[in-house]
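K.L.:
let me see the structure of the following:
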Amino acid sequence: MFIHHTQALLLLLCLGGAGLTTPVSARAQPPYKVIAYVGAFGHLLNVQAIDAKKLTHINYAFVNCKDSLCYLDHPQNDTTNFHQLNGLKQLNPSLKILISIGGGTRSRFLSDAVLTPTSRHKFVASAVGLVQHFDLDGVDVDWEYPGQAGNNNNTFRPVEDKPNFTRMWAEFRRQLDSLGRITHKHYLLSGAFNVSKAYTDHVDLAAVARYMDYINLMTYDFSGPQHTVGHHTNLYGYGTLSPRSADKGIRDYIAQGVPPGKLLIGVAFYAHGMKAATTAHHGLGEKVDTLSTGEKIPAGGFTQLKDSVINQHGYTRYWDSAAHAPYLFNDSTRYFITYDDEASTREKAVYVQQHHLGGAFFWEYFNDPKTYLLPVLHAQLGQ
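P.N.:
Reported below is the predicted structural model:
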């Protein structure tokens with residue numbers, strides 16, 4: 001661990017000073033945010049390959065949590081990465097670097113971390129300590145998910161997680177503001193939120209939004225209903241096939257009291273693949289078929305798709321005009337691939353402008369190392 005328990009407890013004393021919890025209102029900011037999640041996962045990043053001039057924020061994924069303490073899994077590499085990411089500010093002085101806590105594989109103990117006032121204080125202080133130590137610009141929390149087990153049988157509490165989730169954001173805001181009074185700096189507070197009803201039922205959206213600068217809506221990883229082939233990051237619904245879409249999720253958040261300017265739409269720089277039971281409708285809406293041993297669908301990052309799969313090797317690109325989403329289908333193998341491309345990315349950016357949202361973000365930067373998609377966002381939303 002980078003931060004040992006004793007070190008973290010010292011941070012509690014340094015950062016737990018008095019101060020009012022300040023709800024976040026509108027501040028002078030760039031018109032639109034273009035945020036990249038950058039996944040290190042223990043590796044040294046090729047920071048020089050990041051086009052910093054086309055980004056407003058970088059979220060460093062992921063910081064881990066155990067025993068109510070945030071810590072770095074690979075402190076030596078993470079330390080180098082933070083230093084080099086901060087160096088990008090020489091190219092883009094307004095660039096903001098945040099730590100992102102949790103994610104699909106590091107949310108296991110977040111319910112424990114926020115369970116009591118003491119554990120919340122300890123957890124938040126350890127995160128804010130990382131921000132202070134590495135001279136970063138804020139904290140992003142990707143808890144997957146409050147009140148639910150997520151994909152990794154995480155610890156969760158169906159009743160307690162909802163109010164404790166709100167208390168967590170209030171504590172983050174309090175401690176970040178306390179640090180800001182010392183450094184004369186506003187520290188950012190954001191989160192990656194799901195748009196499913198199962199998620200929003202376990203979150204008091206209007207309450208948490210008061211403390212946050214913005215919310216990154218994970219408008220991806222959708223699927224067709226009842227084991228049918230469907231889009232994973234569609235902008236709009238497509239008939240009876242689609243219970244979820246980016247548009248529906250955004251409208252649900254606004255209806256529950258979140259200001260549009262605090263919402264960011266998500267763009268997927270990666271694909272999902274599945275096998276359709278038949279070739280009807282190019283697989284869309286058909287039942288999902290089970291892959292046989294050895295079958296593998298080439299559904300990787302967008303650079304790989306564009307260079308090696310789209311309209312190649314039997315894969316034909318189609319455009320769903322209802323969903324405003326592309327997909328690939330191979331009639332021979334019945335493989336279906338759903339993803340974002342230049343056209344759908346541009347549509348999402350236009351949607352941001354039309355609905356006065358805060359901007360767009362994407363997972364994950366190095367899924368598109370040739371940067372086919374980032375210039376599309378920058379052209380539409382950049383300064």
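K.L.:
can you pull out the helices in the protein?
P.N.:
If DSSP state H is used as the criterion, the helices of the chain fall at 5-15, 75-87, 110-113, 117-133, 161-183, 197-200, 205-209, 246-255, 302-308, 342-354, 374-381.
K.L.:
distance to residue 223 and mean pLDDT added to these, as JSON lines?
P.N.:
For every residue, glycine as well, the C-beta is placed using N, CA and C. JSON lines is the format used below for those (distance: least, CB to CB, whole Å; pLDDT from 0 to 100):
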{"stretch": "helix 5-15", "distance to residue 223": "39", "mean pLDDT": "40"}
{"stretch": "helix 75-87", "distance to residue 223": "33", "mean pLDDT": "98"}
{"stretch": "helix 110-113", "distance to residue 223": "25", "mean pLDDT": "98"}
{"stretch": "helix 117-133", "distance to residue 223": "32", "mean pLDDT": "98"}
{"stretch": "helix 161-183", "distance to residue 223": "24", "mean pLDDT": "98"}
{"stretch": "helix 197-200", "distance to residue 223": "14", "mean pLDDT": "96"}
{"stretch": "helix 205-209", "distance to residue 223": "23", "mean pLDDT": "98"}
{"stretch": "helix 246-255", "distance to residue 223": "14", "mean pLDDT": "98"}
{"stretch": "helix 302-308", "distance to residue 223": "19", "mean pLDDT": "98"}
{"stretch": "helix 342-354", "distance to residue 223": "17", "mean pLDDT": "98"}
{"stretch": "helix 374-381", "distance to residue 223": "25", "mean pLDDT": "97"}
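K.L.:
tell me which of the ones you listed sits most buried.
P.N.:
Ranked by mean neighbour count under mean count of other CB atoms under 10 Å, those are led by helix 110-113, which reaches a mean of 24.
K.L.:
tell me how far the spatially closest residue to residue 344 that is not a sequence neighbour lies from residue 177.
P.N.:
In space, and not counting its chain neighbours, residue 344 is closest to residue 325: 5.3 Å by CB to CB, 6 or more residues apart in numbering. Distance, residue 325 to residue 177, using CB to CB, to the nearest Å: 40 Å.
K.L.:
how about the most centrally placed residue in the chain: what's its closest non-neighbour residue?
P.N.:
What sits nearest the mean C-alpha location of the chain, by CA atoms, centre = their mean, is residue 192, with 4.4 Å. Nearest non-adjacent residue to residue 192, counting by CB to CB, 6+ apart: residue 142, 3.9 Å away.
K.L.:
for the lengthiest strand in the chain, name the packing helices and strands.
P.N.:
Across the chain, the longest stretch assigned as strand under DSSP state E is strand 57-66. Judged by 3 or more CB pairs under 8 Å, 6 or more residues apart in numbering; DSSP states H and E, strand 57-66 is in contact with strand 33-39, strand 69-71, helix 75-87, strand 96-102, helix 117-133, strand 138-142.
K.L.:
what is residue 328 paired to in the beta sheet?
P.N.:
Beta-bridge pairing for residue 328 (DSSP bridges): residue 317, residue 337.
K.L.:
kindly apply the preceding question to residue 191 instead.
P.N.:
Counting by DSSP bridges, residue 191 is bridged to residue 141, residue 215.
K.L.:
ok, it - contacts?
P.N.:
Contacts for residue 191 (CB atoms under 8 Å, 6 or more residues apart in numbering) come out as 140-143, 169, 208, 212, 215-216.
K.L.:
give the contact list for the residue nearest to the centre of the chain.
P.N.:
If a contact means CB under 8 Å, 6+ apart, then residue 192 has 37, 100, 140-142, 216, 218 as its contacts.
K.L.:
pick the one among those residues closest to residue 332.
P.N.:
Residue 332 lies nearest to residue 218 out of the contacts of residue 192, by CB to CB, at 33.0 Å.
K.L.:
so for the closest one, what's the pLDDT?
P.N.:
Per-residue pLDDT puts residue 218 at 98.
K.L.:
that one contacts residue 199, correct?
P.N.:
No: shown here, residue 218 and residue 199 do not form a contact pair, counting by CB atoms under 8 Å, at 9.1 Å.
K.L.:
residues that sit against both of those two, list them.
P.N.:
Shared contacts of residue 218 and residue 199 (CB under 8 Å, 6+ apart): residue 193.
K.L.:
could you measure from residue 208 over to residue 222?
P.N.:
From residue 208 over to residue 222 the distance is 23 Å, taken as CB to CB.
K.L.:
got it, and residue 125?
P.N.:
Using CB to CB, residue 125 is found at 36 Å from residue 222.
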